[in-house]
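Undergrad: Sharing a sequence plus its predicted fold:
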Amino acid sequence: MSDTASDIAQGLKVGIIGGSIAGCTVAIELVRLGCDVTLFERTGEELKDRGAGIGVPPSVINTFISRDLVDADIPYFSSHTFTRIWRTVPEQRYGYIAWDQPASLDLLNWGGLYRNLRKRVPESVYRTAQRVVALHELGSGRVGVEVANSGTQEFDLVVCADGYTSLGRRTLFPEVAIQYAGYVLWRGFLMEDELGESKPLESGVRCLGYPGGHGIFYFVPGPDGSVAPGKRLVNWGVYVPVAESTLTAFLTDKEGKVHEGSLPPGAMAVPTETALKQKAYERMPDYYAEITDKSPNTFAYAIYDCQVPAYRKGRICLAGDAGAFARPHSAAGALKGINDAIALSDALKTHTSVEEALTHWDRTQTATDNNLVRFGNQLGRALVKEIPDWSQMDAMSMEKWFTSIITIQTEMFDANARKV
């Protein structure tokens, strides 16, 4: 760290809203710069691990390790192929393979990544059961963070990493609204020992196309981090069209409660889950439909996106999904939050004042992350809204079709690794 970096970061009082992937990474990076950090997490316990998987390029894992964000031996699987499959009459069980698309990805368990980050946040920094209800610009570069039932605390800098319904985004840009994409992502996971056979999943990520969407299936390390055959976890997600007029009914749980944006594991109404599992057999090869059928406590969330005009106003900043919010096709939700945190830390290291650092960081992250939203929209068009019949295509025609639609390149990491 340079003397200049030490001068502008040392003792800077920073409040972070949200204690998930992005919030933890911001906390780790800024504590190491010498900032006085307080993180507010609204839940009263550690965040729940839903078994979801994350795919990142190999170079990203190396960056995580070199910055000591994760352990050098964090478990993951390496995948070099993204296999695109379509159900056909002759290939009802495993599907017709239209394209083995080259794509280098390391596949992690979300919970494993979160736990690696969380244990690097000092306990004195991470405050649970602290629900932030308002932000106040106090003048002279100070920001007030109002916490329910415990008053307002003042900071030199506030980073909002509070998810896609962000209080921070709504405070800075009340005119910006998330836009519903017209479909949901139905998700689940299954322990490998529940499978009849594992071979179809051994070669990497499997993507099952069907009219109206697609699904992805792949192995991630088991809940205990095991990568041994038989101990792995099958992670899957299936995109399903749901009209906006029926979204409220879809998000009504088995107790009759309407949820905003998502249904947590075990909450989905039985008729809704039964209908989804029946549809899986109609849309996908039987092998993959059986995985969805056997999976307990499936969950779902509506797909939204939005771009933002900036990543900061004054001393209030946005990070992760609180900023530009991209559809999950881009496979960059967790990575985007980590990238925002690393970029903020690096800006504070390399500029001569906090204002200069935030101005540079704002300009860069706004452009990069809004571009990622546009990239996700193109993927949504290709893989959900206008997906063609892959059973009528071979590898050459598939590649030609895909590259004609996906024209945006992203700067966060190699675009060839993220076509999901």
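TA: Received, thanks. Numbers count the residues shown, from 1 in each chain.
Undergrad: mind listing what the residue most central in space within the chain touches?
TA: Central residue of the chain (Cα atoms, centre = their mean): residue 333, 2.6 Å from the mean position. Residue 333 sits next to 320-321, 326 when contact means Cβ atoms under 8 Å, 6 or more residues apart in numbering. Bear in mind the C-beta positions are built from the backbone N, C-alpha and C, glycine included.
Undergrad: Kindly report the same for residue 128.
TA: 19, 41, 43-45.
Undergrad: nearest to residue 407, of these?
TA: Among the contacts of residue 128, residue 19 lies closest to residue 407 (Cβ to Cβ), at 36.8 Å.
Undergrad: Neighbours of the nearest residue to the closest one once chain neighbours are set aside, how many?
TA: Excluding its sequence neighbours, the residue lying closest to residue 19 (Cβ to Cβ, 6 or more residues apart in numbering) is residue 41, at 3.2 Å. Applying other Cβ atoms under 10 Å, we find 24 residues neighbouring residue 41.
Undergrad: Return the distance of residue 41 relative to residue 24.
TA: Residue 41 is 9 Å from residue 24, where distance means Cβ to Cβ, to the nearest Å.
Undergrad: do residue 265 as well
TA: On the measure of Cβ to Cβ, residue 265 and residue 24 end up 22 Å apart.
Undergrad: if you go through the stretch 301-420 of the chain in chain order, where are the strands?
TA: All strands of the stretch 301-420 of the chain, identified by DSSP state E, counting those that start in this stretch, fall at 312-313, 316-318.
Undergrad: JSON lines please, covering these and showing mean pLDDT, mean neighbour count and distance to residue 115.
TA: Shown next, in JSON lines, are the strands of the stretch 301-420 of the chain (pLDDT from 0 to 100; neighbours: other Cβ atoms under 10 Å; distance: least, Cβ to Cβ, whole Å):
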{"stretch": "strand 312-313", "mean pLDDT": "97", "mean neighbour count": "20", "distance to residue 115": "29"}
{"stretch": "strand 316-318", "mean pLDDT": "98", "mean neighbour count": "28", "distance to residue 115": "25"}
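Undergrad: what about stretch 249-265, start to end distance?
TA: End-to-end distance for stretch 249-265, by Cα to Cα, to the nearest Å: 17 Å.
Undergrad: rewinding a little: now rank the contacts of residue 333 by neighbours and give me the top one.
TA: Of all the contacts of residue 333, the highest neighbour tally under other Cβ under 10 Å goes to residue 320, namely 31 neighbours.
Undergrad: wait, it sits on residue 336?
TA: Yes. Using Cβ atoms under 8 Å, residue 320 is in contact with residue 336, at 6.3 Å.
Undergrad: between those two, what contacts are shared?
TA: Contacts common to residue 320 and residue 336, judged by Cβ under 8 Å, 6+ apart, are residue 22.
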